[in-house]
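> Provide a 3D model corresponding to the input given below.
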Amino acid sequence: MASEAASDAPRVVDECRGVLFVYSDGSVVRRAQPGFSTPVRDDGSVEWKDATFDEANGLGLRLYRPRERGGRKLPVFFYYHGGGFCIGSRAWPNCQNYCLRLAADLGAVVVAPDYRLAPEHRLPAAIEDGAAAVLWLTAQAGDGGDPWLAEAADFGRVFISGDSAGGNIAHHLAVRFGSAAGRAELAPVTVRGYVQLMPFFGGVARTRSEAECPDDAFLNRPLNDRYWRLSLPEGATADHPVANPFGPGAPALDAVEFAPTLVVVGGRDILRDRAVGYAARLKAKGKPVEVREFEGQQHGFFTIDPWSAASAELMRAIKRFVDSDGRFD
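Sure, this is the predicted structure:
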């Protein structure tokens, strides 16, 4: 009898990085902290605080600003974390470290929002939350906004960035806000550019970088496929428009007025070919898109080690992009 009861007990059917566990009965268990230990390197040169942007869904964001600003208004730089739409948080140490460095190196106000995660909240929930965070910023630009933010932020110089799943969110926000109606929705905020860091795009047909990805990669094929299976609408394939911007049923992008977009790829990243192909197809449509490739780098190298030589080079590239208001080198 006891053995029968044990065999009927829910078992783990999906697991993501020791953080997310999906059981056979449909229940989901999450751990609050990542499955790795990373100390936060906060030297006090950047001050930060949390705020809520969506009370109904319990969603918050973390704001960062350099402590010494010299009375200047600073550009605003959004950063949406990665994690395959299934894991991650603004409060994780790797995200905190990266945002601290962004604020210090760019001389910017950094906004790091959370968003609802799958499989409890399947796509497009995360994209809707990404848009809600940007619209929250527009409310701060008017009377009654947060003085801590308003006294430091230049709402006319906003940049939207994200890595992996966050890069996917950045694309969909560029489409949403790349129309006359979208720009009016943002007023008085003006988005000057987008930075997609190893964006998480998908598709049914394998690219070469997917087919040749080694099993010991930080993001390998089984994990990549698992993220899509857990995050896409039930029954959808990786050609769903949320995953594949050029897949069947995806909206036409010809009329979208993309702000300048910097796409960052890693030479050893499973997603490399999708990102390069995405940028090439947009550029063929006359969109202001450029690719910056980091040879030999794997997925998420800049959050794995924000102080590496490659991460420092990335920071310099992003700073040039921000300082020039979205113009490329």
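> looking at this, residue 143 is in a helix?
No - Residue 143 is assigned coil when assessed by DSSP: H, G, I helix; E, B strand; the rest coil, not a helix.
> next helix or strand past the longest strand anywhere in the chain?
Assignment by DSSP state E gives strand 153-163 as the longest strand of the chain. Next along the chain after strand 153-163, taking DSSP states H and E as the criterion, comes helix 165-176.
> Now do the same contact list for residue 69.
107, 152 (CB atoms under 8 Å, 6 or more residues apart in numbering). C-beta here means a position set from N, CA and C on the backbone, and glycine is covered the same way.
> quick one: least confident helix or strand in this structure?
None of the helices or strands of the chain scores lower by mean pLDDT, DSSP states H and E than helix 2-8, at a mean of 55.
> Which SSE is immediately downstream of that one?
Next along from helix 2-8, by DSSP H and E: strand 12-16.
> Could you list the residues in contact with that following strand?
By CB under 8 Å, 6+ apart, the residues outside strand 12-16 that reach it are 20-24, 84, 86-87, 223, 226-227, 229-230.
> Could you rerun that using 6 Å?
21, 22, 23, 24, 86, 87 (CB atoms under 6 Å, 6 or more residues apart in numbering).
> which residue packs closest to the residue sitting nearest the centre point of the chain, ignoring adjacent ones?
When CA atoms, centre = their mean is applied to the chain, the residue found nearest the centroid is residue 166 (1.4 Å). Excluding its sequence neighbours, the residue lying closest to residue 166 (CB to CB, 6 or more residues apart in numbering) is residue 80, at 3.1 Å.
> Let me know the distance separating that neighbour from residue 168.
Between residue 80 and residue 168 the distance is 9 Å, computed by CB to CB, to the nearest Å.
> pLDDT wise, what is the closest residue in space to residue 287 that isn't next to it in sequence at?
Of all residues not flanking residue 287 in the chain, residue 258 sits nearest, at 4.4 Å (CB to CB, 6+ apart). Per-residue confidence (pLDDT) for residue 258: 97.
> Then residue 271?
98.
> Against residue 224, how distant is it?
For residue 271 relative to residue 224 (CB to CB), the value is 8 Å.
> And residue 156, by the same measure?
On the measure of CB to CB, residue 156 and residue 224 end up 38 Å apart.
> More neighbours: these two, which one.
Comparing residue 156 with residue 224 by other CB atoms under 10 Å, the one with more neighbours is residue 224, at 20 against 15.
> neighbour-wise, which of residue 80 and residue 168 wins?
residue 80 (32 against 29).
> Bridged to the more buried one, which residues?
residue 162 (DSSP bridges).
> ok, it - contacts?
Applying CB under 6 Å, 6+ apart, the residues near residue 80 are 130, 162, 166, 169.
> which ones are touching the second one?
Right, the one you point to is residue 162. Here residue 162 is in contact with 80, 169, 170 (CB under 6 Å, 6+ apart).
> ok, back up a step: ok, the residue nearest to the centre of the chain - contacts?
Counted by CB under 6 Å, 6+ apart, residue 166 has contacts 80, 81, 82.
> try residue 189
137, 138, 141, 155, 158.
> Just put the residues you listed in a markdown table and tack on neighbour count.
Shown next, in a markdown table, are the contacts of residue 189 (neighbours: other CB atoms under 10 Å):
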| residue | neighbour count |
| --- | --- |
| 137 | 22 |
| 138 | 16 |
| 141 | 19 |
| 155 | 22 |
| 158 | 25 |
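> Lowest-confidence entry in those?
Scoring the contacts of residue 189 by pLDDT puts residue 141 last, at 92.
> okay but that residue is in contact with residue 156, surely?
No - assessed by CB atoms under 6 Å, residue 141 is found out of contact with residue 156, at 9.1 Å.
> Just the pLDDT for residue 231.
98.
> Tally up the residues packed near it, please.
With neighbours defined by other CB under 10 Å, the count for residue 231 comes to 28.
> now residue 30
14.
> tell me the pLDDT at it?
pLDDT, residue 30: 95.
> Now the closest residue to it other than its chain neighbours: phi and psi?
Distances taken as CB to CB, 6+ apart put residue 20 closest to residue 30, at 5.7 Å, once the chain neighbours are dropped. Note on residue 20: its backbone torsions stand at phi -110, psi 130 [degrees, to the nearest 10].
> going forward can the numbers begin at 48, since that is how I track them
From this message on, residue numbering opens at 48, which makes the last subject residue 67.
> State the number of residues packed around the spatially closest residue to residue 288 that is not a sequence neighbour.
Nearest non-adjacent residue to residue 288, counting by CB to CB, 6+ apart: residue 297, 4.0 Å away. Residues near residue 297, counting by other CB under 10 Å, number 15.
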